[in-house]
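1. whatever this is, show me its structure:
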Amino acid sequence: MCGIVALQTSARDCAVELYQALSLLQHRGQDAAGLMISDGETVYQAKGLGLIPEAISLKDLPSLKGQMGIGHVRYPTTGALNTDEIQPFYVNAPLGLALAHNGHLVNAASLRAQFRQQTFRHINTASDSELILNVFAHALMCEMQSGQAVGVSELMRAVSAVMQQCQGGYAVVLLIVGYGILAFRDPFGIRPL
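-> Prediction:
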């Protein structure tokens, strides 16, 4: 069990509100916490082990500039308890994507091996979240290479690719730099969002 949150505002930085939202979700994960916030061009992050006040310093919040962000409190079901496994995860292509997730993929091991061989993308951790992020990123990149502009249809086809390949129960919040926030869950709605 983990806690995930996403927020997009129109006129002000959202770091304080995301921090407060994570605090309300602290009961869903007490091992680590992380935030990623974007101003539309740059992604800023704060992550750490422990409860939210230990993981994310209040004095760092003013440096997290941006009107949209995602956050995560961790209760690990896979992977090790170290800083490399703290969500949200980020990939810079396409567009800049950050993802936080709650759930478990039952086909993670086979999907990881298959995905590496077919796409040549490197998955650096044992986290299901990093795997989901890379499946989505690869699918969106394929949509973009076909000459399509990134719109709702292309995003939904990338989500569909995740749902076809990632088996299990999951809820996902995804920050797309310069575009907005996307949220989805597994096809059976096993995990709440």
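2. show me the shaky parts of this protein.
-> Low-confidence segments of the chain, defined by pLDDT under 70: 76-81, 146-148.
3. show me where the protein has helices.
-> Applying DSSP state H to the chain gives helices spanning 15-24, 52-55, 108-119, 128-145, 152-165.
4. among those, which is nearest residue 73?
-> Nearest of these to residue 73, taken as Cβ to Cβ: helix 15-24 at 5.6 Å. For glycine as for every other residue, the C-beta is placed from the backbone atoms N, C-alpha and C.
5. now do the buried residues in that closest one.
-> Under the neighbour-count criterion of 16 or more other Cβ atoms under 10 Å, helix 15-24 has 15, 18-19, 21-23 buried.
6. still on that earlier bit, just the helices of the chain: most buried one?
-> helix 128-145 (a mean of 22; mean count of other Cβ atoms under 10 Å).
7. and the contacts of that helix?
-> For helix 128-145, the external contacting residues (Cβ atoms under 8 Å, 6 or more residues apart in numbering) are 78, 87-91, 93-95, 97, 99-101, 103-105, 108, 111-112, 115, 119, 121, 123-124, 150, 154-155, 157-159, 161-162, 165-166, 168, 170, 172, 174.
8. could the buried residues of helix 15-24 be laid out in JSON lines, adding distance to residue 142?
-> Listed next are the buried residues of helix 15-24 as JSON lines, based on distance: Cβ to Cβ, whole Å:
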{"residue": "15", "distance to residue 142": "33"}
{"residue": "18", "distance to residue 142": "31"}
{"residue": "19", "distance to residue 142": "36"}
{"residue": "21", "distance to residue 142": "33"}
{"residue": "22", "distance to residue 142": "33"}
{"residue": "23", "distance to residue 142": "38"}
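9. pipe the helices of the chain into CSV and attach distance to residue 4 per row.
-> Shown next, in CSV, are these (distance: least, Cβ to Cβ, whole Å):
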stretch, distance to residue 4
helix 15-24, 9
helix 52-55, 14
helix 108-119, 18
helix 128-145, 10
helix 152-165, 15
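10. what's the closest of the ones you listed to residue 192?
-> helix 15-24 (14.8 Å).
11. by contact count, what packs against that closest one?
-> Helix 15-24 sits against strand 3-8, strand 32-38, helix 52-55, strand 68-74, with contacts defined as 3 or more Cβ pairs under 8 Å, 6 or more residues apart in numbering; DSSP states H and E.
12. report the buried residues of stretch 83-103.
-> By 16+ other Cβ under 10 Å, the buried positions in stretch 83-103 come out as 85-91, 94, 96-103.
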